[in-house]
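1. Predicted model follows, preceded by the sequence.
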There are 2 protein chains.
Amino acid sequence: MSASLKSLPSNPAFTLPQSNDVQGTTSASGPHIPAEFEQTLTLLTSHRSVLGYLLLSRSQPVSIIRHSGVVFEGEQGRKYAHAVGRIVETVQAGLEEVAGESTDTDEIRFMRIRTKRHEIMISPDERFLLAVLHDPTS
Amino acid sequence: MSASLKSLPSNPAFTLPQSNDVQGTTSASGPHIPAEFEQTLTLLTSHRSVLGYLLLSRSQPVSIIRHSGVVFEGEQGRKYAHAVGRIVETVQAGLEEVAGESTDTDEIRFMRIRTKRHEIMISPDERFLLAVLHDPTS
């Protein structure tokens, strides 16, 4: 594994800029993607080990705002989007459960799931969910 | 953050030795914990930034085999155990969903959830789930 790959998961490119930090507005035709996001997404697709990304709305159910990579095309992309939405929902519900009566609920900042074949990185934001599929062996 | 803390998440101490690699047997009185696990658990608790661990059965619902740390005492420990069980179940269901008709289903090797306050690391094994709560700021 090269040094650049090793450093990939903690790369700032995998963290969505918080949408309240930027001057983004939501237009009637769909969510506006702030310039910083565009930059992040371009950076992501240039990484050789990145198989694709899914930019999802935080609605329930989630909807795909944009995607890249053959792995996220069509039906397969919708399946991944659904799975990512469910995972984030379950983790958030778990954090609320352990917080109990406390009003100061914890929240997800970043999630990394290493599987037999891939690595899925999920970066939530107030309005978006960014999921990146990464091949750790490439 | 010290170098040793930075290297913590990829530390082999966080990976459960696969139970089929060891000569462990399950006794009638409860699951036998192989010697390698004991070593892993001892290593974990010696880390200053580790707030505690939960060693869970992979049954549904999960049950706590062993725990350490005030954060996992009593009712709070049971809430965390339930949340961890649900999270692993949801991720595994997601992997099965994206695999579709293919018989070669992917499986979780390691999961890391960074929240506003903590980091939760989950290492599944055929028979156990190890969840470690880590304070990334300490």
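-> Right, received. Where do you want to start?

2. mind checking how far stretch A:89-102 is from the chain centre?
-> 20 Å (CA atoms, centre = their mean, to the nearest Å).

3. Now A:Gly77: which helix or strand?
-> According to DSSP states H and E, A:Gly77 maps onto helix A:74-99.

4. Can you give me the buried ones in that helix?
-> Buried residues in helix A:74-99, defined by neighbour count with 16 or more other CB atoms under 10 Å in any protein chain shown: A:77-88, A:90-92, A:94-95, A:98. Placement of C-beta: from N, CA and C, glycine included.

5. Heading C-terminal from that helix, find the next helix or strand.
-> Remark: after helix A:74-99, the chain's next helix or strand is strand A:108-115, criterion DSSP H and E.

6. Next, the angle strand A:108-115 makes with the helix or strand just after that following strand.
-> Counting by DSSP H and E, the element after strand A:108-115 in chain order, helix or strand, is strand A:119-124. Put simply, strand A:119-124 runs at 170 degrees to strand A:108-115, going by axes from the mean of the first three to the mean of the last three CA atoms, to 10 degrees.

7. near chain B, which residues of chain A?
-> Taking CB under 8 Å from any CB of the partner chain, the part of chain A that reaches chain B is made up of A:76, A:79-80, A:82-84, A:86-87, A:90-91, A:93-95, A:97-98, A:100, A:106-118.

8. how far away is A:Tyr53 from chain B?
-> Distance, A:Tyr53 to chain B, using CB to the nearest CB, to the nearest Å: 15 Å.

9. which ones are touching that residue?
-> A:41, A:44-45, A:67-69, A:72, A:130-133 (CB atoms under 8 Å, 6 or more residues apart in numbering or on different chains).

10. do A:Leu56 as well
-> With contact taken as CB under 8 Å, 6+ apart, A:Leu56 is in contact with A:62-65, A:81, A:84-85, A:128-131.

11. try A:Glu97
-> For A:Glu97, the contacting residues are B:79, B:82-83, by CB under 8 Å, 6+ apart.

12. please redo it, this time with the cut-off set to 10 Å
-> If a contact means CB atoms under 10 Å, 6 or more residues apart in numbering or on different chains, then A:Glu97 has A:105, B:79-80, B:82-83, B:86 as its contacts.

13. and the two most separated of the contacts of A:Leu56?
-> Using CB to CB, these span at most 13.9 Å, a distance reached by A:Ser63 and A:Leu130.

14. ok, the nearest residue to A:Leu130 once chain neighbours are set aside to B:Ala93 distance?
-> Closest residue in space to A:Leu130, ignoring its immediate chain neighbours: A:Ser123 at 4.5 Å, by CB to CB, 6 or more residues apart in numbering or on different chains. According to CB to CB, to the nearest Å, A:Ser123 and B:Ala93 sit 21 Å apart.

15. Kindly report the same for A:Glu38.
-> 33 Å.

16. Might you report the residue contacts of the closest residue to A:Pro136 other than its chain neighbours?
-> Leaving out its chain neighbours, the residue that sits closest to A:Pro136 by CB to CB, 6+ apart is A:Glu119, at 5.0 Å. By CB under 10 Å, 6+ apart, the contact set of A:Glu119 is A:8-9, A:49-51, A:112-113, A:132-137, B:109-110.

17. which of these are buried?
-> Counted by 16+ other CB under 10 Å, the contacts of A:Glu119 give A:8-9, A:49-51, A:112-113, A:132-134, A:136, B:109-110 as buried.

18. Quick check, A:Ala81 in contact with A:Ile64.
-> Yes. Contact between A:Ala81 and A:Ile64 holds when scored by CB atoms under 10 Å: they sit 5.2 Å apart.

19. Give me the common contacts of those two.
-> Common neighbours of A:Ala81 and A:Ile64 are listed as A:54-57, A:72 (criterion: CB under 10 Å, 6+ apart).
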